[in-house]
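[1] have a look at this fold, sequence not included:
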């Protein structure tokens, strides 16, 4: 929340299954869950050494990318980081204002509801995507959304025709 209201430029979170991406999506900030081994994990209390990782949460993609560049790399205290390629890429080079030109983005509005602030901010973001050249496919709702909303996906009751 401190990031979302401007009290901090960024933060680090640790994630096994949602502890970076879930709060980021709920607070309208950018969260990146890096691949295991990209970021060192000493100090992280793991639930699963095969899933746990630390990653940035920031107000912009640029800030999150900058923070990821800073924390990525090998660490002799974390064996998984020693198995990454020798040179860590500069993720800042991948940021391109023109990358959305011609992109088609589907928006499943059925997942955005009951929170007016989130809906308003989401719509403002869609306007920015349009201005950057993306085609927005509004109401690209999934057929069987009820299965996703109820948590049935992943419990062998997912998308069956």
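    Everything's here; your move. Everything numeric in this text was worked out from a predicted model, so none of it was measured.
[2] surely residue 58 meets residue 3?
    Yes - using C-beta atoms under 8 Å, residue 58 is in contact with residue 3, at 6.4 Å. Where C-beta positions appear, they are placed from N, C-alpha and C, glycine not excepted.
[3] what is in contact with those two at once?
    9, 10, 11, 29 (C-beta atoms under 8 Å, 6 or more residues apart in numbering).
[4] of the residues you listed, closest to residue 54?
    Set against residue 54, the nearest of these by C-beta to C-beta is residue 11 (10.5 Å).
[5] kindly state the beta-bridge partners for the closest one.
    Beta-bridge partners recorded for residue 11 (DSSP bridges): residue 57.
[6] what's whichever strand or helix holds residue 117 packed up against?
    Under the criterion of DSSP states H and E, residue 117 resides in helix 116-131. Applying 3 or more C-beta pairs under 8 Å, 6 or more residues apart in numbering; DSSP states H and E, one finds that helix 116-131 contacts strand 104-107, strand 135-138.
[7] buried set for the helix or strand hosting residue 64?
    Assessed by DSSP H and E, residue 64 sits inside helix 61-71. Within helix 61-71, the residues that count as buried by 16 or more other C-beta atoms under 10 Å are 63, 64, 65, 66, 67, 68, 69.
[8] pLDDT of that helix, averaged?
    Regarding helix 61-71, the rounded mean pLDDT is 96.
[9] show residues contacting it.
    Contacts to helix 61-71, defined as C-beta under 8 Å, 6+ apart, come from residues 9-10, 12, 30-32, 34, 39-40, 54-58, 88, 90-92, 94-95.
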